[in-house]
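Undergrad: Fold the stuff below for me.
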Amino acid sequence: MTTQQQSGATRQVLGALRDVLWYALPGGLFISMGVVSGRVSLAHVGELIAPYHPASWALGLLLIAACYLVGHLLAAIANLRADFWKLIHVNDPDWLAEYPTEVNARDVYLAHYFPDLFGDMDRRQRVAVLLWSSVAALLLGWLVFYIFHPAFADVAIGTAVLVFLDAVMMVSQLGWSRKAIHAAGLAIEEHEKAARDSEKAIQVTGDELRFMINAIFRAVELAKPRQNGQGQREPQAPEDQSSGDNQEPATAAPRFKSN
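TA: Numbering: from 1, shown residues only. Here you go, the predicted model:
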């Protein structure tokens with residue numbers, strides 16, 4: 001495995017752990033409110049799992065899984081408002097293209113070539129999901145464990161209805177997301193095809209390369225000053241002052257003796 005592949009695998013593992021943590025925190029907050037209120041009995045839960053004699057690490061994983069599941073349900077409930085507005089504007093591509101949580105073809109195109117540019121945006125989006133899920137945990141925990149005291153079956157049915165509504169609205173947006181991804185894919189294909197064509201156009205054959213090298217050496221030889229055997233430059237011949245073959249050489253002016 002190359003260094004780049006190892007780095008990519010490390011990022012994926014860290015991303016998965018981060019997702020588990022950010023979904024498990026709101027779920028743990030909701031369950032904690034149930035435990036503090038007395039509506040959730042840890043002793044009763046222990047009695048349910050005691051016949052299986054699970055190990056301590058298995059109990060820890062089970063608790064994290066339960067918090068993660070509850071956190072995902074809370075996130076789906078918290079996204080009801082955003083998904084509702086996107087459902088209303090499902091036939092308005094310009095509005096969806098500018099909506100912060102919707103898939104945009106331009107973003108997909110840029111993320112293909114410059115993935116590091118979206119690190120801060122992804123972090124802020126995950127923080128927003130964490131905050132809204134925590135708000136849903138506090139609000140629903142207050143309503144369920146302190147105000148209405150519904151039975152567990154009623155809580156399960158109500159949660160299923162809310163998540164089902166969110167899933168229905170989310171399915172209606174998959175078509176737009178798919179169109180955006182396909183548009184970005186076509187743009188990427190055209191860009192890479194143009195890059196390959198440009199690379200082929202500037203490729204030099206072996207004969208052309210040899211001709212260029214010989215021309216360079218020839219130019220260097222011509223540019224060197226001519227030297228004689230003693231290392232001195234050869235004297236240059238005087239320039240011919242005549243302007244043509246038929247002209248007679250100029251004669252010196254006559255001298256006159258003074259008396």
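Undergrad: what's the helix or strand for the nearest residue to Met170 once chain neighbours are set aside?
TA: With Cβ to Cβ, 6 or more residues apart in numbering as the criterion, Met170 has its nearest non-adjacent residue at 5.8 Å, and that residue is Asp83. Heads up, the C-betas are built off the backbone N, CA and C, glycines and all. Element membership of Asp83, judged by DSSP states H and E, is helix 80-88.
Undergrad: packing partners for the helix or strand following that helix?
TA: In the C-terminal direction, the helix or strand that comes right after helix 80-88 (DSSP H and E) is helix 93-98. Counting contacts by 3 or more Cβ pairs under 8 Å, 6 or more residues apart in numbering; DSSP states H and E, helix 93-98 packs against helix 174-201.
Undergrad: Any idea how far the helix holding Asp83 is from the middle of the chain?
TA: Centroid separation for helix 80-88 versus its chain: 26 Å, with Cα atoms, centre = their mean, to the nearest Å.
Undergrad: So the residue most central in space within the chain versus Ala187, what's the distance?
TA: In the chain, the residue lying closest to the centroid (Cα atoms, centre = their mean) is Pro115, at 2.2 Å. According to Cβ to Cβ, to the nearest Å, Pro115 and Ala187 sit 16 Å apart.
Undergrad: Check the average confidence over the helix with the most length in the chain, would you?
TA: Longest helix in the chain, counting residues (DSSP state H): helix 3-37. Helix 3-37 carries an average pLDDT of 85.
Undergrad: try stretch 187-202
TA: Rounded to a whole number, the mean pLDDT of stretch 187-202 is 85.
Undergrad: For that stretch, which outside residues touch it?
TA: The contact list for stretch 187-202 (Cβ atoms under 8 Å, 6 or more residues apart in numbering) reads Ala105, Tyr109, His112.
Undergrad: Can you select the buried ones from those in ChimeraX?
TA: The following ChimeraX line selects those of those that are buried, judged by 16 or more other Cβ atoms under 10 Å:
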select :105,109
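Undergrad: Let's see which of the contacts of stretch 187-202 end up in helices.
TA: Judged by DSSP H, the subset of these located in helices is Ala105, Tyr109, His112.
Undergrad: Tell me, how many residues neighbour the closest residue to the last one other than its chain neighbours?
TA: By that I understand His112. Once flanking residues are discounted, His112 sits nearest to Ile188: 5.5 Å by Cβ to Cβ, 6+ apart. As a burial measure, Ile188 scores 14 neighbours (other Cβ atoms under 10 Å).
Undergrad: What distance do you get for Ile188 to Ala50?
TA: From Ile188 to Ala50 the distance is 56 Å (Cβ to Cβ).
Undergrad: Then Trp176?
TA: Trp176 sits 49 Å away from Ala50, going by Cβ to Cβ.
Undergrad: next one: Leu87
TA: For Leu87, the distance to Ala50 - Cβ to Cβ - is 46 Å.
Undergrad: Before I go, just wanted to say thanks for your time.
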